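Chemist: Model the following, please.
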Amino acid sequence: MKQKLNCIMLIDDDEPTNFVSTIYIEEAQCTNHLQITDSGQKALNYLTNSEEFTCDNSRYPCPELIFLDINMPAMDGWEFLDQYKQLRKEQQGKIIIIMLTTSLNPDDSIKAGKMPEISGFAIKPLTAELIDKVLKEHFDW
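Modeler: Sure thing, here's the model as predicted:
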């Protein structure tokens with residue numbers, strides 16, 4: 001039996017996209033906890049165990065894998081990454097970040113390729129094949 005990831009996080013403001021992604025992740029049976037946040041700020045709150053994610057001083061599971069949307073209102077994926085880089089190392093964890101987008105702008109892919117925090121770049125929607133590829137490449141699945 002393959003070792004499940006402790007936590008996967010989806011950061012995407014689009015509810016239908018999150019619904020479909022959830023189905024694929026659940027079908028893959030690859031995680032003990034799926035955390036969905038609809039904004040970069042909520043994801044940062046989760047990672048720092050602050051605001052709505054604080055309860056009884058307990059820590060929520062640190063994601064090992066994040067699927068990050070680029071285009072979101074208020075804080076887009078790039079702005080999330082700028083803030084993520086400022087987190088303490090224990091808050092960042094050992095996270096693999098896969099950037100997902102509907103953008104066909106080649107500049108996004110080039111920019112993502114230059115950022116060491118980003119382990120992959122893919123066009124939405126998340127698919128069973130992409131999940132399988134990421135798990136095999138980064139987690140010896």
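Chemist: where exactly do the strands run in the chain?
Modeler: 8-11, 34-37, 65-69, 96-101, 118-123 (DSSP state E).
Chemist: Let's see the pLDDT reported for residue 4.
Modeler: pLDDT for residue 4: 94.
Chemist: Confirm for me that it is in contact with residue 28.
Modeler: No. Judged on C-beta atoms under 8 Å, residue 4 makes no contact with residue 28 at a distance of 9.5 Å. From N, CA and C alone the C-beta is placed, and that goes for glycine too.
Chemist: Which residues does stretch 72-90 contact?
Modeler: Residues outside stretch 72-90 that contact it (C-beta atoms under 8 Å, 6 or more residues apart in numbering): 11-13, 38-41, 43-44, 47-48, 68-71, 92, 97, 99, 101, 111, 115, 117-118.
Chemist: ok, 10 Å please
Modeler: If you take C-beta atoms under 10 Å, 6 or more residues apart in numbering as the criterion, stretch 72-90 is touched by 11-14, 37-44, 47-48, 59, 62, 66, 68-71, 91-93, 95, 97, 99-101, 108, 111-112, 115-118.
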